[in-house]
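J.: Here is my input, please return the structure:
(chains A and B)
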Amino acid sequence: MKSEGLRGSISIDGMTKDDAIVYLMRCYGEEIKRLVYTFVKNWQQAEDITQDVYIALYTKLDTFRGESALKSWIYTIAINKSKDFLKSWSYRKLAFTDKFTASSNGSVDSAEDGVVSNSEDELLYQAVLSLPIKYREVILLHYYKEFSIREICELLKISESTIKTRLSRGRKVLQETYFELGGER
Amino acid sequence: MDNQLKNLNRTLDKQISSTPVFTEIDEQNILLAIRNPSSKKDKQSKTKRTIVPRFLTAALFAGVIFTSYTIIDRYLTPETATEIAVNKPKARYAQELTQASSMISYDENTNILTVKGSVKNTTEFNSEKFKTRITVLNQELQASLGLKTFDIVDAPKKGYLKPDEPFSFTKEIKLGKTISDTDLENALQIEVYTETKILTSFIIDNIQYTDIKAEEPIAYKEQPVVEENKIENNEKNTSSITEKEKQEKTTVVNEENPTPTDSLDNLEDQYGQKKTPFNNVVFETKGGHFYVNGITIGNTLDQALQILGPYDKHSEPALHSPTYATWNLKTSLEENDNSGFFVELSELEKESEIGYLGYMTEDKAFVDKLVAQLGEPFKEIPTVTFFYEEKSQQMLIIKDEANYYEITLQFEPDIELYKNEN
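T.: Now for the predicted structure:
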């Protein structure tokens, strides 16, 4: 199914703030939480960040001007919050602790990882999530969320040529990682 | 991979969770947090209470105390004590050397293994006197040599390197028994060391293996070519490059015999006949920009066509996602043929700006000449050389893909990425 793009036809004109936020949760809650998870790779954090996204939306709803589409606005907030978290000290500490715990306990998969499977889809999923964030975000937005390059430029505020370069390199890195994990050539 | 990427939406959704992840509980939690912001604040203040602020405060106090102590020590010490202090100049030496190049070559006909390498002192200090040794990591090779390590007799003239001075060494060894090409992979480690430390160490990954049948290095072995035309082209390439090398100093030209195009999609109606026969590829540097056959990134498609004339549309599924139209300027339309010159555009519109130029060639002489022409690279790693023009923020990347070279020109405003990447 092709994505509706950033210029979705959803409107909150005439709604109260409370009604609008409930409406936006029902429209975008599922996809935002999934997107955030692909950035932070942790359900607890994904839940917290999704909550933060909607709180930010609620507090800024008065300032929202219809010039930019709602979907673009929500995605921008979600991406920025996810990246802020990845840069934060608490994430780095968590990542370090997880790494340390994993190495001392052997390679035990977390509950979120689910059952270990070597299917092609599982390998591709692992390969995508293991990409460095600068490549992962463009691959996810383009192939997972099916945004065009121009739309990704708007969301990430970087130039079209940089997006193209990162997509091109991201694909190469993804392919290499996929093969390294045991994917079929 | 392209097909898998097309279905990434379905694949990821399935892998992330087959059931909805955003439930009514999430909705209720969000509404609760909105209506009762203090609970959220409390939570945040609890989670953010880390050791860092305390550590920074302690560090600040320690800094203040240390600075106070230093100031008191300096100004309250009797002057005589200062005079007694002996002014000993400290000798400083380069703490590390940089690998410049290295290669292992082995000839099965003569059973001789040749190890070549060079290092460079890229620091601003002289190095200490050093020695060089080779450690054999592969067991088959160890058995054939009868040694685990051996020393390189070659040394710099004065025993040390001045700033920017390179040092090259060569070691030829007759082996006890023959080895295979896989025995040379990650087989030899070079260590340059002083009495107290190792200045550099690296594993040689550039391997040239000549077997009895081939009687020429595999690394330079040409791919079997089906078409007779191609063999002729390659021969002409080599000979024409050699002749041109004598004549041209500022540009590098790769010549190919033009092959007829299959279709021109009525572009000739708009832009006339092809203005460049495209039997040669010219790289130039002018005014802080790289140019390939007179065009550069940032030109529009229309400008490129005005300069080059019309060429065929062609997509390369092996290299690019089909969602990107690739405007291939190569005259041949052979599917899956990676060699050639192409321009990548996201949309085939006249005003679309070219964001990416690429050229692939198997001609090593052409690439060597181009590298020499472009001068000091911005960065060099074993198989990739980067050239950068700061003014235009253009990056020219020459990548050795083992059996061919890929030369790409792209806009790169963020060179920090390259500084960090190995």
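J.: ok, longest helix in chain B?
T.: Using DSSP state H to define each element, chain B has its longest helix at helix B:51-76.
J.: Spell out whether that helix and chain A are in contact.
T.: Yes. Helix B:51-76 comes into contact with chain A (Cβ under 8 Å from any Cβ of the partner chain), by way of residue B:52. (Glycine included, C-beta is placed from N, CA and C.)
J.: and the gap between the most centrally placed residue in chain A and residue B:29?
T.: Taking Cα atoms, centre = their mean, the centroid of chain A lies closest to residue A:35, which sits 3.3 Å from it. From residue A:35 across to residue B:29, the span is 18 Å (Cβ to Cβ, to the nearest Å).
J.: go on, residue A:75?
T.: 21 Å.
J.: Which one of these two is surrounded by more residues?
T.: Using other Cβ atoms under 10 Å in any protein chain shown as the criterion, residue A:75 and residue B:29 rank with residue A:75 on top: 24 against 17.
J.: rewinding a little: how about the nearest residue to the residue nearest to the centre of chain A, chain neighbours excluded?
T.: Here the nearest residue to residue A:35 in space, its sequence neighbours aside, is residue A:78; by Cβ to Cβ, 6 or more residues apart in numbering or on different chains that works out to 6.0 Å.
J.: Give me the mean pLDDT for the helix or strand the one you found falls within.
T.: Residue A:78 belongs to helix A:70-87 when elements are defined using DSSP states H and E. Over the span of helix A:70-87, the pLDDT mean works out to 88.
J.: what's the distance between it and the middle of its chain?
T.: Offset of helix A:70-87 from its chain centre (Cα atoms, centre = their mean, to the nearest Å): 8 Å.
J.: just checking, what packs against it?
T.: helix A:17-40, helix A:43-60, helix A:133-139, helix A:149-156 (3 or more Cβ pairs under 8 Å, 6 or more residues apart in numbering or on different chains; DSSP states H and E).
J.: Tabulate those (a markdown table), appending distance to residue B:73 and mean pLDDT.
T.: Below are the helices and strands packed on helix A:70-87 laid out as a markdown table (distance: least, Cβ to Cβ, whole Å; pLDDT from 0 to 100):
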| stretch | distance to residue B:73 | mean pLDDT |
| --- | --- | --- |
| helix A:17-40 | 50 | 90 |
| helix A:43-60 | 49 | 91 |
| helix A:133-139 | 47 | 90 |
| helix A:149-156 | 53 | 88 |
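J.: Who are the contact partners of the closest residue to residue B:151 other than its chain neighbours?
T.: Closest residue in space to residue B:151, ignoring its immediate chain neighbours: residue B:133 at 4.9 Å, by Cβ to Cβ, 6+ apart. Residues near residue B:133 by Cβ atoms under 8 Å, 6 or more residues apart in numbering or on different chains: B:149, B:150, B:151, B:152, B:190, B:191, B:193.
J.: Need the three-state assignment for residue B:358.
T.: When classified by DSSP: H, G, I helix; E, B strand; the rest coil, residue B:358 comes out as strand.
J.: beta partners for it?
T.: According to DSSP bridges, the partner residues bridging residue B:358 are residue B:342, residue B:408.
J.: With residue B:388 as the reference, name the closest of the helices and strands packed on helix A:70-87.
T.: Closest to residue B:388 of the helices and strands packed on helix A:70-87 is helix A:133-139 (Cβ to Cβ; 18.9 Å).
J.: So which elements touch that closest one?
T.: Where contact means 3+ Cβ pairs under 8 Å, 6+ apart, helix A:133-139 is packed against helix A:17-40, helix A:70-87, helix A:120-129, helix A:149-156, helix A:160-180.
J.: of the ones you listed, which approaches residue B:411 most closely?
T.: Of all those, it is helix A:160-180 that lies closest to residue B:411, at 4.2 Å by Cβ to Cβ.
J.: Can you give me the domain assignment for chain B?
T.: B:98-220, B:228-420 (automatic domain parsing).
J.: And chain A, by the same measure?
T.: Taking automatic domain parsing as the domain assignment, the ranges for chain A are A:12-111, A:117-185.
J.: Tell me which of those is the most buried.
T.: Counting by mean count of other Cβ atoms under 10 Å in any protein chain shown, domain A:117-185 has the highest mean neighbour count of those, with a mean of 18.
J.: Distance from the chain centre to that one, please.
T.: 12 Å.
J.: go on, stretch A:43-60?
T.: Taking Cα atoms, centre = their mean, one finds the center of stretch A:43-60 at 13 Å from the center of the full chain.
J.: Quick one: residues contacting residue B:187.
T.: Residue B:187 makes contacts with B:104, B:136, B:137, B:138, B:141, B:204, as judged by Cβ under 8 Å, 6+ apart.
J.: The residues you listed, buried ones only, as a PyMOL selection?
T.: A single PyMOL command selects the buried members of the contacts of residue B:187 (16 or more other Cβ atoms under 10 Å in any protein chain shown):
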select buried, chain B and resi 104+136+138+141+204
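J.: For the closest residue to chain A within the stretch 51-200 of chain B, which non-adjacent residue is closest in space?
T.: Nearest residue of the stretch 51-200 of chain B to chain A, counting by Cβ to the nearest Cβ: residue B:52, 5.9 Å away. Residue nearest to residue B:52 in three dimensions, not counting chain neighbours: residue A:89, with 5.9 Å by Cβ to Cβ, 6+ apart.
J.: how far away is that neighbour from residue A:19?
T.: For residue A:89, the distance to residue A:19 (Cβ to Cβ) stands at 37 Å.
J.: Tell me where chain B has helices.
T.: Secondary structure of chain B by DSSP H: the helices cover B:2-6, B:8-16, B:24-35, B:37-47, B:51-76, B:79-84, B:139-145, B:228-247, B:267-271, B:301-308, B:364-374, B:416-420.
J.: Out of the ones you listed, name the one with the poorest average pLDDT.
T.: helix B:228-247 (a mean of 40).
J.: Around chain A, pick out the residues from the stretch 1-150 of chain B.
T.: Going by Cβ under 8 Å from any Cβ, the residues of the stretch 1-150 of chain B near chain A are B:1, B:4-6, B:8-9, B:11-17, B:20-22, B:26-27, B:29-31, B:33-34, B:37, B:40, B:47-48, B:50, B:52.
J.: got it, and the stretch 151-300 of chain B?
T.: residue B:297.
J.: So what sits opposite the residue of the stretch 151-300 of chain B found nearest chain A in the bridge?
T.: Across the stretch 151-300 of chain B, no residue is closer to chain A than residue B:297, which sits at 7.2 Å (Cβ to the nearest Cβ). Residue B:297 has these beta-bridge partners by DSSP bridges: residue B:299.
J.: That one: neighbouring residues, count only.
T.: When counting by other Cβ under 10 Å, one arrives at 25 neighbours for residue B:297.
J.: That one against residue B:355, yeah?
T.: Yes. Counting by Cβ atoms under 8 Å, residue B:297 touches residue B:355, with 6.0 Å between them.
J.: shared neighbours, the two?
T.: Shared contacts of residue B:297 and residue B:355 (Cβ under 8 Å, 6+ apart): A:161, B:410, B:411.
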